[in-house]
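J.: Got a sequence here, can you model it:
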Amino acid sequence: MMGAEARVIEGGSVDAVMREIGLRARAAARRLATAPTGAKNAALAAMAARLRASAKAILSANAEDVAQARRDGMAASFVDRLTLTEARIEAIAKGVEEIAALPDPVGRVLAAWDRPNGLHIERVATPLGVIGIIYESRPNVTADAGALCLKSGNAAILRGGSDSFRSSAAIVAALRDGLAAAGLDPDAIQLVPTRDRAAVGLMLRGLDGAVDVIVPRGGKSLVARVQDEARVPVFAHLEGICHVYVHAAADLEMARRIVVNAKMRRTGICGAAETLLIDRAVAASHGPALVSALQAAGCLVKGDAAVSAMAPGVEPATEADWSTEYLDAVISAKVVDGLEAAVDHIERYGSHHTEAIVTDDAEAAARFMAGIDSAILLWNASTQFADGGEFGMGAEIGIATGKMHARGPVGVEQLCSFQYRVTGTGQVRP
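T.: Residues are numbered from 1 along each chain as shown. Predicted coordinates:
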């Protein structure tokens, strides 16, 4: 409980303001659940237009966030995730339009059947209700989350990171303007108006029943706190410790392209490879080339004894490296004794996020995929494809590594629940 000395923000105490946000979100969700597809798509189009029209204001706000992050000594990878440009704002706006183009998930008949007594039963997709999204640094998540929730008929309460507070506020202002312009309730998308961490605790307790699910998107400490404290369901992944296994039947040139891309395309995303496993059968023929390619791309390689002997500049890997999500231009690398050893390593140290195998052996690929309990598995493709947009799902709200309800990219379909609708002709149960 916060007590009488509660910190005060505009409009009252954190407790009072958050509860009011919850009430408004719940009311907006009830109205949005029955909004026609055309109205939601018009709102998304208006939101994209407002993002483009507000680019100057958004960039100005983002410049303040970036300057503060640099003054605070944040890592370059963190600053990159935080930074917006005209091109990135355009990409955000296009992402909103892509969500508008997706089929409406609400009202889909997921299954239908008739009973011998004449009852007709349908399982129909329905919105979850109010979704609380707690995230760090990436201001683009603000638009992605708001648009995905809107398309799936849900209201969103967004709690962005303190470091991106100004950027998120400018983006949400544009989104709310778009909602209003299309005649929908702007309270369908709300941003928590404070950096105070007490607001997170209130969201995790559900805001007096207003919040139906929490989606955390950020670092290990944030997600661990959410999973530990939440009193409502959570869609989450704790870490993205992703692996690329170069199998004995891997083509070297293909492996080189995939490994470098998986690690270095964007080092700060959860789908970036953090560990490279090289089959001992090709360690001599493939290993030095793979290590050298990573180093040439600017990546620090931390390796076991076998990898350390492949090229100069490899640092010795410690036990902790195998379970580290670097989110930077660093990768751990190890030589393993075959496919089963690779699977054992991944199951021991991985986070059940995304794993890839490079091989020309279809049977080996099938064994790899059957043996690993991760949300996303790839054969001869980069782990950087672990993304809802790349799956054709539009933007995603995150990657869920749990097994209940949603797993993998969480897009509009995963933001729906369902209900059973039963039609009779006067039947009564004997």
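J.: Can you tell me the element residue 302 falls in?
T.: With the criterion set as DSSP states H and E, the secondary-structure element containing residue 302 is strand 300-303.
J.: what does whichever helix or strand comes after that strand rub up against?
T.: As assigned by DSSP H and E, the chain's next helix or strand after strand 300-303 is helix 305-308. The contact list for helix 305-308, computed with Cβ atoms under 8 Å, 6 or more residues apart in numbering, reads 278, 280, 283, 287, 291, 301, 314-317, 333-335. Bear in mind the C-beta positions are built from the backbone N, C-alpha and C, glycine included.
J.: Top of the residues you listed by number of neighbours, please.
T.: Note: the member of the contacts of helix 305-308 with the most neighbours is residue 278, at 30 neighbours, neighbours being other Cβ atoms under 10 Å.
J.: quick one: contacts for that residue?
T.: 246, 286-287, 290, 307, 333-336 are the contacts of residue 278 under Cβ under 8 Å, 6+ apart.
J.: Go again with 6 Å.
T.: Shown in contact with residue 278 (Cβ atoms under 6 Å, 6 or more residues apart in numbering): 246, 287, 335.
J.: again, but for residue 199
T.: Applying Cβ under 6 Å, 6+ apart, one finds that residue 199 lies in contact with 14, 18, 192.
J.: Format the residues you listed as JSON lines; extra columns: distance to residue 39 and neighbour count.
T.: Below are the contacts of residue 199 laid out as JSON lines (distance: Cβ to Cβ, whole Å; neighbours: other Cβ atoms under 10 Å):
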{"residue": "14", "distance to residue 39": "33", "neighbour count": "22"}
{"residue": "18", "distance to residue 39": "28", "neighbour count": "29"}
{"residue": "192", "distance to residue 39": "26", "neighbour count": "25"}
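J.: Output the contacts of helix 305-308 as JSON lines; include the columns secondary structure and distance to residue 36.
T.: Converted to JSON lines, those look like this (DSSP: H, G, I helix; E, B strand; the rest coil; distance: Cβ to Cβ, whole Å):
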{"residue": "278", "secondary structure": "strand", "distance to residue 36": "54"}
{"residue": "280", "secondary structure": "helix", "distance to residue 36": "60"}
{"residue": "283", "secondary structure": "helix", "distance to residue 36": "59"}
{"residue": "287", "secondary structure": "helix", "distance to residue 36": "58"}
{"residue": "291", "secondary structure": "helix", "distance to residue 36": "56"}
{"residue": "301", "secondary structure": "strand", "distance to residue 36": "54"}
{"residue": "314", "secondary structure": "coil", "distance to residue 36": "59"}
{"residue": "315", "secondary structure": "strand", "distance to residue 36": "58"}
{"residue": "316", "secondary structure": "strand", "distance to residue 36": "61"}
{"residue": "317", "secondary structure": "coil", "distance to residue 36": "56"}
{"residue": "333", "secondary structure": "strand", "distance to residue 36": "53"}
{"residue": "334", "secondary structure": "strand", "distance to residue 36": "54"}
{"residue": "335", "secondary structure": "strand", "distance to residue 36": "58"}
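J.: and those as TSV, adding distance to residue 86 and pLDDT?
T.: Listed next are the contacts of helix 305-308 as TSV, based on distance: Cβ to Cβ, whole Å; pLDDT from 0 to 100:
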residue	distance to residue 86	pLDDT
278	41	98
280	49	98
283	46	98
287	42	98
291	37	98
301	35	98
314	40	98
315	38	98
316	43	98
317	40	98
333	38	98
334	42	98
335	45	98
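J.: of all these, which comes closest to residue 71?
T.: Within the contacts of helix 305-308, distances to residue 71 taken as Cβ to Cβ reach their minimum at residue 315, with 30.3 Å.
J.: my read: the closest one touches residue 302, true?
T.: Yes. Checked against Cβ atoms under 6 Å, the pair residue 315 and residue 302 is within contact range at 4.8 Å.
J.: Just give me the closest of the contacts of residue 199 to residue 115.
T.: Distances from the contacts of residue 199 to residue 115 were compared by Cβ to Cβ; the smallest belongs to residue 18, at 45.7 Å.
J.: Help me confirm that that closest one is found in a strand?
T.: No. Residue assignment for residue 18, taken from DSSP: H, G, I helix; E, B strand; the rest coil, gives helix, which places it outside any strand.
J.: Over to the closest residue to it other than its chain neighbours: give its phi and psi.
T.: Counting by Cβ to Cβ, 6 or more residues apart in numbering, the nearest residue to residue 18 once its immediate chain neighbours are dropped is residue 202, at 4.4 Å. Here is the backbone geometry of residue 202 (degrees, to the nearest 10): phi -70, psi -40.
J.: mind checking how far residue 202 is from residue 181?
T.: Residue 202 is 31 Å from residue 181, where distance means Cβ to Cβ, to the nearest Å.
J.: Neighbour count for these two, which is higher?
T.: For the pair residue 202 and residue 181, the greater number of neighbours falls to residue 202 (23 against 16), based on other Cβ under 10 Å.
J.: so the more buried one touches residue 16, yeah?
T.: No. Here residue 202 does not reach residue 16: they are 10.2 Å apart, not a contact under Cβ under 6 Å.
J.: Flag the shaky bits of the chain, pLDDT-wise.
T.: Under the criterion of pLDDT under 70, the regions of the chain flagged as low confidence span 1-11, 237-238, 394.
J.: Which segments of it make up each domain?
T.: Domain ranges of the chain: 8-235+410-421, 242-385, per automatic domain parsing.
J.: which residues touch the closest residue in space to residue 294 that isn't next to it in sequence?
T.: Once its chain neighbours are removed from consideration, residue 294 has its nearest residue in residue 301; the separation is 5.5 Å (Cβ to Cβ, 6+ apart). Residue 301 is in contact with 291, 294, 314, 331, 333, counting by Cβ under 6 Å, 6+ apart.
J.: switch the cut-off to 7 Å
T.: Residues counted as contacts of residue 301 (Cβ atoms under 7 Å, 6 or more residues apart in numbering) are 291, 294-295, 307, 314, 331, 333.
J.: Roughly how far does it sit from residue 25?
T.: Separation of residue 301 from residue 25 (Cβ to Cβ) stands at 47 Å.
J.: helix, strand or coil for residue 98?
T.: Per three-state DSSP, the local secondary structure of residue 98 is helix.
J.: count of residues packed around it?
T.: Each residue near residue 98 was counted by other Cβ under 10 Å, and the total is 17.
J.: Same question for residue 183.
T.: Close neighbours of residue 183, defined as other Cβ under 10 Å, add up to 11.
J.: again, but for residue 292
T.: Look at residue 292: counted by other Cβ under 10 Å, it has 16 neighbours.
J.: so it, which of the three states?
T.: helix.
J.: got a list of what it touches?
T.: Contact partners of residue 292, counting by Cβ under 7 Å, 6+ apart, are residue 311.
J.: I'd assumed residue 13 was in contact with residue 196.
T.: No. The criterion here is Cβ atoms under 7 Å, and residue 196 misses it with residue 13 at 9.9 Å.
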